[in-house]
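S.K.: below: sequence and its predicted model.
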Protein chains: 2
Amino acid sequence: MKVAVLSGGVGGARFVQGLLDVTDPAGVTVIGNVGDDVELYGLHVSPDIDTLLYTLGGVADDERGWGRADETWNALQTAAELGADTWFQLGDRDLGLHLARRQALVRGEALSAVTERFARALGIAARILPATDDRLRTWVTIADGELPFQEWFVLHRHEPEVLGVRFEGAETVQAAPGVLEALHQADLIVIAPSNPFVSIGPILAVEEIRSAVADRSVPSVAVSPLIGGRAVKGPADRMLERFQGGTSPSQVTSCYKGLIDALVYDESDGEVELDVRPLVTRTLMTDAASRRRVAETALEAAAALR
Amino acid sequence: MKVAVLSGGVGGARFVQGLLDVTDPAGVTVIGNVGDDVELYGLHVSPDIDTLLYTLGGVADDERGWGRADETWNALQTAAELGADTWFQLGDRDLGLHLARRQALVRGEALSAVTERFARALGIAARILPATDDRLRTWVTIADGELPFQEWFVLHRHEPEVLGVRFEGAETVQAAPGVLEALHQADLIVIAPSNPFVSIGPILAVEEIRSAVADRSVPSVAVSPLIGGRAVKGPADRMLERFQGGTSPSQVTSCYKGLIDALVYDESDGEVELDVRPLVTRTLMTDAASRRRVAETALEAAAALR
């Protein structure tokens, strides 16, 4: 079975972990968000892609929720002592990946090729691809103006109310090599439990990807990132409230109009009328068993809808 | 007393350490070599300037002879695991300085301003300035062609015979702010015990600096980097042999024609005829006392020649 997953960072990565437990990893292609990518110290940092690499490679720090396990912080601590602005935390091992990526990009390797190579080096059997190799950047409008995504998310701790989201480059970017093929060859398309606006939004902002999902000939299922109307982590609930007028499963499906045939959501969100098939389970992913349960429920959509 | 020192890396830094013990550090300006600077992973690495910062800041790894004490290597190890080419060793704390410098340079701060700021952050009372803020790069000609300095020095372990040295950018670079003032206001100019060709050479390749030294109205003294005709470290002896036909003190002075009035050299090099004043002592710097001895001998030149 071939599965193409659109995924943001932590929540998406945990879902994919479960998926790789219940289906052949060789058939899984993860299409990751690059809208939050940020240039720091001349290095290309790709937080969602890296969370996928670290989580699926088994080297993520699960407790902290980002970055690598067994991490040290000597480089950034030194930079701070020398007066650098170090609002974006980068551990030493994490930095090593950014150094390797920078070297590869400067030598002309595409982000997608680097990502695939790193995935192999980390022993990941699934394919991980950035949505695009081109420059795509998420900007967030707040009352004071517009901020690059990471400045809003990290520096301002995603506290300022989001009035709008813009994807710089969306008009011209192309899907990375392999992305459209993965969507066309998939038996099932899954939208992982990630923020619809700033994690999945940038992926679907790549017009070729949105069209490939909209014109699909196979089932597509989204997993809601909300549990009982609340985000497990991050600002998804506040953004749904503002942009869709609420945080129920039907408001999640509204984010994906024409793009999904089913929604996996948590039993705590009750029974609701949806214009796609509801698949209700417990969606909190705290261990391997719960991750597998969510992944299996998503896979059921393929059978139920075929 | 005001002293302007032209210095390369390790040997020069040790000499300056001694100098700061025997004269008021506030009167000392060190003009450092940037010909070996190298761009790695998009970062600006300035090995000789950094050796000065680390040594004078008391954070150098004296045993290894380069880089920082109490260093870890997680970033580069990770980069190597991910397939990066890591021929140039950078520890995590060292990387922190490069990150801070890259951030400052991108924000438009000059290399000289960054260097001064780092020196203050490291508690260094002397002034450390790069010879130039402009791009100046040392290239080494070997039988097979031309190599950037660090590729020859580190990657090829300075084994290939050097047929020539070229300083890219020398025709147009200007002395960094403060450098010419320091040379003009100095009571003594010192050329530290560094390689005349690839450490001091790039500094003197800045025409404004060479002229300021040539047109000096105060004594200028060089400290020979050779002991008994041999380099303490590095390829200075082989290069003197090839380019000056020998490694005696007189061949060292030939490197600095018109630029020095005295040469401090080691007693093991015997009594020789020089066209500048000879100042003979033991020049091996293994501890604070020996460093002070060499510095004091150089300072004597100021009195002897005034």
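M.R.: Nice, I can see it. Note that this is a predicted model, so its numbers are computed, not measured. Numbering: from 1, shown residues only, chains lettered A, B, ... in the order given.

S.K.: what is the neighbour count of the closest residue in space to residue A:74 that isn't next to it in sequence?
M.R.: Among residues not flanking residue A:74 along the chain, residue B:92 sits closest, at 3.9 Å (CB to CB, 6 or more residues apart in numbering or on different chains). Just so you know, the C-beta spots here come from the backbone N, C-alpha and C atoms, and that holds for glycine as well. When neighbours are defined as other CB atoms under 10 Å in any protein chain shown, residue B:92 has 26 of them.

S.K.: ditto for residue A:61
M.R.: 17.

S.K.: from chain B, how far out is the closest residue to it other than its chain neighbours?
M.R.: For residue A:61, the nearest residue in space outside its immediate sequence neighbours is residue A:69; the separation is 4.5 Å by CB to CB, 6+ apart. Counting by CB to the nearest CB, to the nearest Å, the gap from residue A:69 to chain B is 12 Å.

S.K.: do you know how far residue A:69 is from residue A:92?
M.R.: For residue A:69, the distance to residue A:92 (CB to CB, to the nearest Å) stands at 13 Å.

S.K.: for residue A:264, what are phi and psi?
M.R.: The phi and psi torsions at residue A:264 (degrees, to the nearest 10) take the values phi -90, psi 120.

S.K.: just list whatever residues bridge to the residue nearest to residue A:149 when sequence neighbours are not counted.
M.R.: Closest residue to residue A:149 in three dimensions, ignoring its sequence neighbours and counting by CB to CB, 6+ apart: residue A:138, at 4.0 Å. According to DSSP bridges, the partner residues bridging residue A:138 are residue A:167.

S.K.: so residue A:180 makes contact with residue A:209?
M.R.: Yes - under the criterion of CB atoms under 8 Å, residue A:180 is in contact with residue A:209, at a separation of 7.4 Å.

S.K.: burial count for residue A:106?
M.R.: When neighbours are defined as other CB under 10 Å, residue A:106 has 13 of them.

S.K.: so what's it closest to, chain neighbours aside?
M.R.: Leaving out its chain neighbours, residue A:106 is closest to residue B:42 (CB to CB, 6+ apart), at 6.7 Å.

S.K.: now do the contacts for that neighbour.
M.R.: Contact criterion CB atoms under 8 Å, 6 or more residues apart in numbering or on different chains gives A:41, A:42, A:43, A:102, A:106, B:102 as the residues in contact with residue B:42.

S.K.: circling back: can you give me the pLDDT of the residue nearest to residue A:149?
M.R.: Per-residue confidence (pLDDT) for residue A:138: 97.

S.K.: what's the local residue count around it?
M.R.: When counting by other CB under 10 Å, one arrives at 28 neighbours for residue A:138.

S.K.: cool, residue A:156 as well?
M.R.: Burial of residue A:156, expressed as a neighbour count using other CB under 10 Å, amounts to 15.

S.K.: nearest to residue A:278 among the contacts of residue B:42?
M.R.: Nearest to residue A:278 out of the contacts of residue B:42 is residue A:43 (CB to CB; 43.1 Å).

S.K.: in what helix or strand does the closest residue to that closest one other than its chain neighbours lie?
M.R.: Residue nearest to residue A:43 in three dimensions, not counting chain neighbours: residue A:98, with 4.1 Å by CB to CB, 6+ apart. In this structure, residue A:98 is located in helix A:92-106 according to DSSP states H and E.

S.K.: output the contacting helices and strands for that helix.
M.R.: strand A:43-45, helix A:47-56, helix A:74-81, helix A:111-121, helix B:74-81, helix B:92-106 (3 or more CB pairs under 8 Å, 6 or more residues apart in numbering or on different chains; DSSP states H and E).

S.K.: buried residues, the fifth one. List them.
M.R.: By that I understand helix B:74-81. Along helix B:74-81, these residues count as buried under the neighbour rule (16 or more other CB atoms under 10 Å in any protein chain shown): B:74, B:75, B:76, B:78, B:79, B:80, B:81.

S.K.: I'd like to know which of those is nearest to chain A.
M.R.: residue B:78 (2.7 Å; CB to the nearest CB).

S.K.: around chain B, which positions in chain A sit nearby?
M.R.: By the criterion of CB under 8 Å from any CB of the partner chain, the positions of chain A lying close to chain B are A:40-43, A:71-72, A:74-85, A:91-97, A:99-104, A:106, A:117-118, A:121.

S.K.: re the thing from before, the residue nearest to residue A:43 against residue A:49, yeah?
M.R.: No - using CB under 8 Å, residue A:98 makes no contact with residue A:49, being 11.3 Å away.

S.K.: and those two? Which one has more around it.
M.R.: residue A:49 (31 against 25).

S.K.: ramachandran angles for the residue nearest to the spatial centre of chain A?
M.R.: Centre of chain A computed as the mean C-alpha position; nearest residue by CA atoms, centre = their mean is residue A:8, 0.7 Å away. In terms of degrees, to the nearest 10, the main-chain angles of residue A:8 are phi -90, psi -140.

S.K.: give me the pLDDT for the closest residue to it other than its chain neighbours.
M.R.: In space, and not counting its chain neighbours, residue A:8 is closest to residue A:199: 2.6 Å by CB to CB, 6+ apart. The per-residue pLDDT reported for residue A:199 equals 97.

S.K.: what's the neighbour count on residue A:158?
M.R.: Residue A:158 has 17 nearby residues by other CB under 10 Å.

S.K.: am I right that residue A:221 falls within a strand?
M.R.: Yes - when classified by DSSP: H, G, I helix; E, B strand; the rest coil, residue A:221 is found to be part of a strand.

S.K.: which residues in chain A form strands?
M.R.: Remark: strands assigned in chain A by DSSP state E are A:3-7, A:28-32, A:38-40, A:43-45, A:127-130, A:137-142, A:145-148, A:164-168, A:188-191, A:220-223, A:226-227, A:230-231, A:262-266, A:277-281.

S.K.: give me the angle between the last one and strand A:262-266.
M.R.: Yep, that's strand A:277-281 we're talking about. Angle, strand A:277-281 to strand A:262-266, by axes from the mean of the first three to the mean of the last three CA atoms, to 10 degrees: 30 degrees.

S.K.: what packs against strand A:277-281?
M.R.: Where contact means 3+ CB pairs under 8 Å, 6+ apart, strand A:277-281 is packed against strand A:262-266, helix A:288-305.

S.K.: next up, the contacts around the residue nearest to residue A:74.
M.R.: Under the criterion of CB under 8 Å, 6+ apart, the neighbours of residue B:92 are A:72, A:74, A:75, A:78, A:92, A:95, B:71, B:72, B:73, B:74, B:75.

S.K.: mind redoing it with 6 Å?
M.R.: Counting by CB atoms under 6 Å, 6 or more residues apart in numbering or on different chains, residue B:92 touches A:74, A:75, A:92, B:72, B:74, B:75.

S.K.: so which of the residues you listed is the closest to residue B:57?
M.R.: Ranked by distance to residue B:57 (CB to CB), these are led by residue A:74 at 15.8 Å.

S.K.: the closest one and residue B:93 touch, don't they?
M.R.: Yes - proximity of residue A:74 to residue B:93 meets the contact threshold set by CB atoms under 6 Å, at 4.9 Å.

S.K.: next one: the residue of the stretch 101-250 of chain A at minimum distance from chain B from residue A:43, what distance?
M.R.: Nearest residue of the stretch 101-250 of chain A to chain B (CB to the nearest CB) works out as residue A:102 at 4.7 Å. Distance, residue A:102 to residue A:43, by CB to CB: 5 Å.

S.K.: same check, this time on residue A:265
M.R.: Where residue A:43 is concerned, residue A:265 sits at a distance of 38 Å (CB to CB).
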